[in-house]
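Participant: What shape does this take:
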Amino acid sequence: MNQILALREKRAKLWNDTKAFLDSHRGEDGMVSAEDNATYEKMEADVVALGKEIERLERQKAIDRELDQPTASMLVSKPTSPKVDRKEGRASDEYKKAFWNQMRGRVSPEVYNALQVGELSEGGYTVPDEFDRQLIDGLQDENIMRGLVHIIRTGSGEHKIPIVASHGTGSWVEEEQQIPESDDAFSQVTLTAHKFATMIRISRELLNDSAFDLAAYIAHEFVRRAGAAEEQAMLTGDGSHKPIGLLHDTLGAQVGVTTASSTAITADELIDMQHSLKSGYRRKACWIMNDATISAIRKLKDGNSQYIWQPGIKEGAPDMLFNQKVLMSNYMPLIGTGNKVILYGDYSYYWLAEREGRTLERLNELYAVTDQVGFKMTERLDGRLILPEAVKCLKMK
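Facilitator: Residues are numbered from 1 along each chain as shown. Purely as a prediction, here's the structure:
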């Protein structure tokens with residue numbers, strides 16, 4: 001049997017056993033003893049651990065599929081003609097080769113000539129197109145929001161977005177009577193380009209080692225750091241030198257439900273939360289919350305004493321809440337007084353504008369005393385929810 005499928009079935013069975021244990025050990029007051037609660041939490045932790053193991057195996061399977069792809073075509077009749085590089089600018093093989101030679105310190109007049117197309121006035125060079133696409137793919141894996149929001153690429157630092165502030169209406173009119181005017185009202189949202197930057201240090205010994213994959217190392221470090229910073233800003237950003245997040249008090253998601261308690265969430269409040277969003281947005285909606293909030297919601301039941309949480313069973317299937325997927329982010333607030341702890345909505349109405357071309361600059365002198373070379377990498381982007389009614393949040397009392 002497929003290992004991943006077997007683990008998913010095991011996880012589903014363990015989750016059912018966990019729920020059954022909790023049901024069977026409740027006292028007449030509906031509470032469980034400290035000893036039974038510890039047992040339950042251990043069982044729940046095993047469910048979570050199985051979920052993480054499934055994710056690891058799925059990532060491993062995806063990498064194996066990629067590595068199993070053939071690296072060269074079969075020679076069936078006659079040798080193919082030499083490959084001709086028809087790409088221009090930052091997409092050309094010449095620019096790619098010169099860029100990484102410069103980053104390794106292998107400079108020559110030919111290298112500088114090839115790099116002129118990507119040289120920036122403030123220092124550094126725009127990364128080759130192929131490497132930029134690799135970074136974008138990596139960021140989507142690290143930042144859960146990139147797979148949900150609407151992304152636009154701009155050539156300048158500012159992008160104006162016209163949006164409908166209010167819609168016109170139609171009317172019933174009598175024969176030959178004047179039709180009343182009712183136009184849409186438009187407003188405008190401006191997205192700028194906030195700069196994210198990070199410094200990466202690498203020893204000269206590694207740079208001089210031809211077996212060291214400099215591009216892969218820089219990509220991994222940048223994606224890890226930028227992905228976390230982007231996700232945090234897109235959720236909690238205040239707009240000061242960073243994007244405006246979905247939890248912003250005035251420009252973020254609308255409050256769908258305020259809980260009756262400051263320390264707990266009920267199943268009915270989650271149902272009210274789901275229906276606070278207009279049906280048109282619910283078709284593509286999903287939930288986002290902290291892992292600790294997920295743990296609390298797993299214990300909730302509906303009016304028929306059935307658990308509302310639905311763990312994913314099929315390979316690649318997400319966990320579900322009321323038949324819509326749940327995503328976890330550590331940057332969502334914990335359950336506590338006044339916190340906005342759950343987001344629910346269609347996140348395609350959050351627009352992320354990224355300025356075309358990330359930059360990388362080699363710094364030879366900054367870390368010379370430790371015999372290291374610094375690499376400064378930057379990207380410019382901005383983001384904002386352009387239609388607040390498309391996403392709702394659940395706010396604690």
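Participant: ok, and for the longest helix along the chain, which residues are buried?
Facilitator: Longest helix of the chain, by residue count under DSSP state H: helix 34-67. Along helix 34-67, these residues count as buried under the neighbour rule (16 or more other CB atoms under 10 Å): Asp36, Thr39, Tyr40, Met43, Glu44, Asp46, Val47, Leu50, Gly51, Ile54. In short, each C-beta sits where N, CA and C put it, glycine included.
Participant: For Met199, see how far away Gln188 is.
Facilitator: 36 Å (CB to CB, to the nearest Å).
Participant: ugh, wrong one, Met328
Facilitator: 29 Å.
Participant: between these two, which one's more packed in?
Facilitator: Counted by other CB atoms under 10 Å, Met328 and Met199 do not tie: Met328 has more neighbours, with 17 against 14.
Participant: What does the pLDDT read for that one?
Facilitator: On the pLDDT scale, Met328 is placed at 94.
Participant: give me phi/psi at the closest residue in space to it that isn't next to it in sequence?
Facilitator: Spatial nearest neighbour of Met328, excluding adjacent residues (CB to CB, 6 or more residues apart in numbering): Asp291 at 5.2 Å. Geometry field for Asp291 lists phi and psi as phi -60, psi -40, criterion degrees, to the nearest 10.
Participant: Let me know whether Asp291 touches Tyr331 as I believe.
Facilitator: No - using CB atoms under 8 Å, Asp291 is not in contact with Tyr331; the gap is 11.0 Å.
Participant: So which of these two has more stuff around it?
Facilitator: It is Tyr331, of Asp291 and Tyr331, that has more neighbours when counted by other CB under 10 Å, with 19 against 12.
Participant: ok, for that one, nearest residue in space, not its chain neighbours?
Facilitator: Nearest to Tyr331 is Gln232, by CB to CB, 6+ apart, at 4.4 Å.
Participant: Ok, Lys242 next?
Facilitator: Ala233 (4.4 Å).
Participant: Contacts only, for that neighbour.
Facilitator: Residues in contact with Ala233 (CB atoms under 8 Å, 6 or more residues apart in numbering) are Lys242, Pro243, Gly245, Gly383.
Participant: how about those residues in TSV, adding neighbour count, pLDDT and secondary structure?
Facilitator: TSV is the format used below for the contacts of Ala233 (neighbours: other CB atoms under 10 Å; pLDDT from 0 to 100; DSSP: H, G, I helix; E, B strand; the rest coil):
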residue	neighbour count	pLDDT	secondary structure
Lys242	20	92	coil
Pro243	29	94	coil
Gly245	24	96	coil
Gly383	26	92	strand
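Participant: so which of those residues would you say is closest to Arg65?
Facilitator: Gly383 (31.9 Å; CB to CB).
Participant: For Arg283, see how far away that closest one is.
Facilitator: 23 Å.
Participant: what helices or strands is the helix or strand following the longest helix of the chain leaning on?
Facilitator: As assigned by DSSP states H and E, the chain's next helix or strand after helix 34-67 is helix 93-103. Contact partners of helix 93-103 among helices and strands, from 3 or more CB pairs under 8 Å, 6 or more residues apart in numbering; DSSP states H and E: helix 109-115, helix 129-142, helix 214-236, strand 359-363.
Participant: Outside of the second one itself, list whatever touches it.
Facilitator: Applying CB under 8 Å, 6+ apart, the external contacts of helix 129-142 come out as 89-91, 96, 99, 127, 146-147, 215, 219-220, 222-224, 226-228, 230-231, 357-358.
Participant: List the buried residues in that helix.
Facilitator: Going by 16+ other CB under 10 Å, helix 129-142 has these buried residues: Asp129, Phe131, Asp132, Gln134, Leu135, Ile136, Gly138, Leu139, Glu142.
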